[in-house]
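*Asks:* What shape does this take:
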Amino acid sequence: MILRHFYSVPVGLLLGIALALLFPQGAPYVAWLGQIFVSVLKLLILPLILVSIFASLAGSTDLRQMGGRAMTYYLVTTSVAATLGTSLGLLFSHDLPVGLLDLPPVSPNAAAISVDRLVANFIPSNLFVSLSAGNVLHIVFIAVVAALASRRIAASHRTTLLGGAHALDALLMQTLNGVLLFAPVGVGALVYAGLAEMDWAGVFQLRAFVWAVGLAALLHSVVLLPGLYRVRARCSPWTFAAACRVPLLTALSTASSTATLPVSMRALEAFGISERVASFSLPLGASLNMDGSCLYQSVLLIFMSQLAGADLSPLQAVYIVLLTMASSAGTAGIPGGGIAMMAFMLNLLGLPQTYLALYLVVDRFFDYPITAINVWGDLVVAAIVDRELRRDERGAA
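*Replies:* Modelled structure (predicted):
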């Protein structure tokens with residue numbers, strides 16, 4: 001019984017940190033355990049998104065209301081995050097000397113972003129290509145279109161489709177339950193391997209940047225999001241956070257919002273959030289609602305501007321807020337990930353591509369907590385939408 005109590009994700013996380021600090025040379029021997037854990041989570045997530053969204057929306061009558069609420073909260077939280085990051089970036093970088101770092105040039109391996117590419121990120125043209133590429137936005141789009149189309153077919157066929165979707169959803173969730181039995185081992189291995197290879201000296205060359213991102217992350221995750229939950233859901237945010245500790249720690253150890261999705265859905269349903277809300281809002285949020293990324297990129301762009309000797313006007317600061325909000329949705333299907341989007345934003349601001357090296361130095365460190373904030377924002381919005389829909393239903397009754 002005692003061993004079972006200690007076999008948990010938080011203990012695995014702490015053990016991984018301790019091993020990374022004490023025996024960093026042993027990380028390569030256990031890294032494969034973390035890779036297997038993440039790979040299996042990613043294997044489950046795309047079919048789980050497809051069938052759960054279809055099953056939830058095909059029989060739902062409040063798609064417009066649920067989607068409208070979720071998108072409104074996503075817009076609010078990302079705009080607040082981007083504004084907070086820009087403000088603290090301007091504050092902490094004020095006295096930063098120009099040319100503090102000797103940054104080597106970096107060539108991004110992706111073309112500039114265009115309207116055509118952004119459309120391609122949202123609208124799929126081949127189901128199998130979307131599945132193989134792991135494009136969450138495409139899968140969400142396909143599931144929503146299929147659910148809407150199912151309303152126009154014969155009731156018998158629709159019942160058959162819904163039954164099959166519910167059965168497959170139950171099968172995938174049961175498989176997930178088995179995978180999560182090994183979560184403490186996978187999380188511990190991921191943290192061990194990640195921290196053992198961390199370039200701590202490079203990260204802390206810019207202490208002001210670390211403080212700016214840390215303060216922005218703390219304010220957004222501990223003050224703003226819990227405050228929004230308290231006001232809109234009218235419940236204790238700390239009780240909800242405790243119920244979501246497994247997905248938050250999984251995000252912190254994997255640095256992958258997509259890999260954390262099935263864990264988040266399981267935690268929300270265990271907390272009492274309806275499956276139709278969780279299965280719709282979480283996949284959408286994992287692609288569009290990037291609170292952590294918005295505040296992080298905002299601070300990063302401000303510091304890059306300061307290091308390059310560029311004086312930002314108030315209008316340019318507002319532009320950075322809007323740019324980081326838009327980039328969070330555009331990053332998902334772009335080859336090269338964050339570096340490609342950062343190269344695009346540097347071009348728009350007229351900053352040298354040399355400063356992409358700063359992104360590479362700090363991103364490995366911040367990717368983990370920033371992903372956890374992204375997931376926390378998705379969880380909070382899903383819980384708020386569920387509470388509001390329940391209140392509306394009680395009021396209508």
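
*Asks:* tell me the contacts of residue 196?
*Replies:* Contacts for residue 196 (CB atoms under 8 Å, 6 or more residues apart in numbering) come out as 19, 20, 24, 25, 26, 27. C-betas here are computed from N, CA, C, even on glycine.

*Asks:* Excluding chain neighbours, give the residue nearest to the first one in space.
*Replies:* Nearest residue to residue 19 in three dimensions, chain neighbours excluded: residue 192, at 4.8 Å (CB to CB, 6 or more residues apart in numbering).

*Asks:* What's the local residue count around that neighbour?
*Replies:* Applying other CB atoms under 10 Å, we find 30 residues neighbouring residue 192.

*Asks:* And it, its phi and psi?
*Replies:* According to degrees, to the nearest 10, the main-chain angles of residue 192 amount to phi -60, psi -50.

*Asks:* surely it meets residue 29?
*Replies:* No - here residue 192 lies out of contact with residue 29, judged by CB atoms under 8 Å, at a distance of 9.6 Å.

*Asks:* Remind me what whichever strand or helix holds residue 262 packs against, helices and strands.
*Replies:* Residue 262 is located in helix 257-271, with elements delineated by DSSP states H and E. On a contact count with 3 or more CB pairs under 8 Å, 6 or more residues apart in numbering; DSSP states H and E, helix 257-271 meets helix 31-58, helix 155-179, helix 237-243, helix 245-254, helix 275-288, helix 356-396.

*Asks:* Tell me the secondary structure of residue 351, please.
*Replies:* coil (DSSP: H, G, I helix; E, B strand; the rest coil).

*Asks:* Run a quick neighbour tally on the residue nearest to it when sequence neighbours are not counted.
*Replies:* In this structure, residue 351 finds its nearest non-sequential neighbour in residue 308, 5.3 Å apart by CB to CB, 6+ apart. Other residues lying near residue 308 total 17 when counted by other CB under 10 Å.

*Asks:* just the one 5 residues further on next, same as before
*Replies:* Burial measure for residue 313: 9 neighbouring residues, criterion other CB under 10 Å.

*Asks:* Same question for the one 3 residues further on.
*Replies:* Burial measure for residue 316: 17 neighbouring residues, criterion other CB under 10 Å.

*Asks:* So which other helices or strands are in contact with the strand or helix carrying it?
*Replies:* Residue 316 belongs to helix 314-330 when assigned by DSSP H and E. Packing contacts for helix 314-330, counted by 3+ CB pairs under 8 Å, 6+ apart, involve helix 63-92, helix 115-122, helix 275-288, helix 291-307, helix 338-349.

*Asks:* Can you give me the distance of residue 302 to residue 11?
*Replies:* 38 Å (CB to CB, to the nearest Å).

*Asks:* Of these two, which one has the most company?
*Replies:* Higher neighbour count among residue 302 and residue 11: residue 302, with 27 against 14, using other CB under 10 Å.

*Asks:* List the contacts of that one.
*Replies:* Taking CB under 8 Å, 6+ apart as the test, what residue 302 contacts is 85, 86, 89, 90, 93, 312, 317, 320.

*Asks:* what's the answer for residue 312, then?
*Replies:* 90, 302, 305, 320.

*Asks:* Just give the nearest non-adjacent residue to the third one, would you?
*Replies:* Counting by CB to CB, 6+ apart, residue 312 is the residue found nearest to residue 305 once chain neighbours are left out, at 5.4 Å.

*Asks:* what secondary structure does the one you found sit in?
*Replies:* Quick answer, by three-state DSSP: residue 312 is coil.

*Asks:* that older thread, could you check the angle helix 245-254 makes with the helix holding residue 262?
*Replies:* 170 degrees (axes from the mean of the first three to the mean of the last three CA atoms, to 10 degrees).

*Asks:* Identify the residues contacting helix 257-271?
*Replies:* Residues contacting helix 257-271 (CB under 8 Å, 6+ apart): 38, 41-42, 44-45, 48-49, 52, 134, 136, 172-173, 176-177, 180, 183, 240, 243-244, 246-247, 250-251, 254, 275, 277-279, 282-283, 286, 371, 374-375, 378-379, 382-383.

*Asks:* Buried residues, it. List them.
*Replies:* The neighbour-count check on helix 257-271 (16 or more other CB atoms under 10 Å) flags 257-268, 271 as buried.

*Asks:* For residue 172, list the residues it contacts.
*Replies:* Residue 172 sits next to 44, 47, 48, 51, 262 when contact means CB under 8 Å, 6+ apart.

*Asks:* Next, the contact list for residue 19, please.
*Replies:* Contacts of residue 19 by CB under 8 Å, 6+ apart are 26, 27, 188, 192, 196.

*Asks:* so how far is residue 230 from it?
*Replies:* 37 Å.

*Asks:* Residue 252 and residue 13 touch, don't they?
*Replies:* Yes - at 7.2 Å, residue 252 counts as touching residue 13 under the criterion of CB under 8 Å.

*Asks:* ok so, going back, let me see the confidence value for the residue nearest to residue 19.
*Replies:* Looking at residue 192, its pLDDT is 87.

*Asks:* any idea how far it lies from residue 23?
*Replies:* For residue 192, the distance to residue 23 - CB to CB - is 9 Å.

*Asks:* try residue 299
*Replies:* 33 Å.

*Asks:* can you check residue 265 too?
*Replies:* Distance, residue 265 to residue 23, by CB to CB: 35 Å.

*Asks:* What is the burial count for residue 178?
*Replies:* Neighbourhood size, residue 178 [other CB under 10 Å]: 9.

*Asks:* in the stretch 201-350 of the chain, which ranges drop under the pLDDT threshold?
*Replies:* Within the stretch 201-350 of the chain, the stretches with pLDDT under 70 are 201-205, 309-311, 326-341, 343-344, 347-350.
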